[in-house]
Each structure stands twice: as structure tokens, then as C-alpha cells.
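[1] Sequence and predicted structure below; questions after.
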Amino acid sequence: MPMKLKRSETDEQLKIERIMYARQYSLTLDKRRCVVCELCEIVCPREAIQVVKPAEGEETTSPRLEIDVELCQYCGICNAICPFGALELKIDGEKVVPVVKFESFPQLIREIEIDDEKCPVGCTVCVDACPLKLITVKVVDDEGREVEDAELYPDEERLRVTVELDKEYCPVCRVCEYKCPYDAIHTQKVIYGHIRVDTDLCPEGCRECVDACPIPEVLQLSEDGKVVVNDLFCVYCGACRVVCPVEGAISLERTVIRHTPVHSGAWNKALEKLTSTKDMTKELRSRAVIKVKESVERRLA
């Protein structure tokens, strides 16, 4: 039995804790990174996470994420599935995701390759393009020392660019790749799918989904006031669907989630909730084919 359950909240974070005789657990939600989507709520096996919409009369119109301190089992599934890295689980003060550690749940594959040798000094297109401000560009000399003002450096040929990305917080929207004029960035989405907005159902003047979307390039208003979708950059988090006041106006389907190998009933259940029974079955069949192929290769080796 736990010695103590604690819950604390500030404008920047929500933290719950379970303090036991021999071990201490904590789960922290970084509100600055959380876009209040639906992913963690969908996969939580204990239904400890809930997206709460504001009640009538509240000052705010934005939904919030609530975590039940009594229901949470600190399994780490929410931590593993969040593409924005907004949740952090610690055990005895160390960052750990138990379900990933014991291979009962996969890690998301964030495939991002940056060839900063192609980047010319002075270019900051990727920095300006990143909607989450996760990219930093530095100019260094041939000894690796950062140069604050390249224009004042006596020998420009000795300068090069280094591009740094906070990868654990990147949902891989691919905006930086498409806006880079030097073909220096190559990515693959974490989640693939389809999104559609039925503008006939949208209330006049409503732009809730546009404001909620963490990637501004995905949902925009046309000149006639209708929502236009560009799913090339969509990360399929569902933040738009959470705030939409009309049920059925936004249809969102996830078809593929790129992840590390795993053989787990827990992941199968989560995948079915996130995608569909059909897409979950496709993955199971794909895994079976791979398993047979590996078995044949071992026999022939």
C-alpha cells in the first residue's frame, strides 16, 4: 500500500506522486508542451487520464488534461505514446518508462536526419519553420568554438553550421524538411493517417480547430471562412477533434504508427484503440510474415 498520494499543479505543470516505503513514483505533465490531444487518454489502460472540457461559465475556453492520482499505476504508456514528449515518468528520481523497459510497449520511431554540411552560414529557415521551436542553429569555427557574429569573423571559410534538434519533443510534422531549400533534412512521419473537415457542419465563424492545432500549416481558414486541411504536415494527434463543438465535423483516422518491435497484448489493445481493428490486424499479419521470414533465414544460415 502507498504511504502517500500527492497531486500538485502550477500554470506550467501537473504532477502526481505515489510515495511508498521502498519506492517513489512521479508522473509530470509539462503543460507548455502538451497540446491537449487525445492520444494518452485513448491508450491509458486504467482510464486515469481524461481530457476535461471547460464547464459553462468558466473563464477559459480551452480543454485541459487531468490525471487521477488514485487510478494511475505509473506504467508509462502515456509517456511512451506522447509524440510531443509532454509526459515524464520517474521512479526514485530517475526517468524510466517501465512498459518500454520490459518490452511490453514500443517506442515511437522519430526518424529525422539532418545533414548540416549542406547548410550555409546564415541560414535559419528550419529554425523559423519549426512550429514548436525545437531547432537551434549555431555557427562554429574549425575548432568547434561558437561564433556569435559570423559577419565579423575574419575567415568565413573556417566557419560551419551545426543544427541541433530536441528530438524527444518532436512529433515529426515534416515542416522543416519541406521548407529547407538545401535538401538538408529528411524525415518520416511517426503516425500516418487521414483527416477531413466537413465544412458544411462547421458553425459560422468557428475556428476552434485552427487555434488548437499545434502545426499551423495543417488547418487554415480560406478567404470564405472555411477550414482548409493540409494533411501533409498533420501528426494526427486529435487536438482539433477534442475542441470541435460539432460531433462528426472532423473525421480523423490513424492507419500506421511507426514504432520499435514489440510482441505484446498491451500494445495490440492500444493500437486497436488508436487506429482500428482493421489496421491492428494488418500489423499483426505483417509481424507474422516477418517472423516466418526470420525463421526461414535462420534455417538456411
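    Right, received. Where do you want to start?

[2] The protein: helices as residue ranges?
    39-43, 77-81, 98-101, 125-129, 175-179, 208-212, 239-243, 265-274, 277-300 (DSSP state H).

[3] What is the first one packed up against?
    If I follow you right, that is helix 39-43. Contacts defined by 3 or more C-beta pairs under 8 Å, 6 or more residues apart in numbering; DSSP states H and E place helix 39-43 against strand 49-52, helix 77-81, helix 265-274. For every residue, glycine as well, the C-beta is placed using N, CA and C.

[4] returning to that earlier point: averaging pLDDT over each of the helices of the chain, which comes out lowest?
    Of all those, helix 277-300 carries the lowest average pLDDT, namely a mean of 58.

[5] count of neighbours near residue 57?
    Here the count is done by other C-beta atoms under 10 Å, and residue 57 has 5 residues near it.

[6] What of residue 101?
    Quick note: residue 101 (other C-beta under 10 Å) scores 11 neighbours.

[7] Make residue 1 into 31 and carry on from there
    I'll keep to 31 as the first residue from here, and by that count the last item is residue 131.

[8] Report the separation between it and residue 194.
    With distances taken as C-beta to C-beta, to the nearest Å, residue 131 is found 27 Å from residue 194.

[9] what do you get for residue 221?
    Where residue 194 is concerned, residue 221 sits at a distance of 24 Å (C-beta to C-beta).

[10] With neighbour numbers in mind, choose between those two.
    Each of residue 221 and residue 194 has its neighbours counted (other C-beta under 10 Å); residue 221 has more, 21 against 12.

[11] How about that one: what's its closest non-neighbour residue?
    residue 266 (4.5 Å; C-beta to C-beta, 6 or more residues apart in numbering).

[12] Quick check, the one you found in contact with residue 281.
    No - the criterion here is C-beta atoms under 8 Å, and residue 266 misses it with residue 281 at 11.6 Å.
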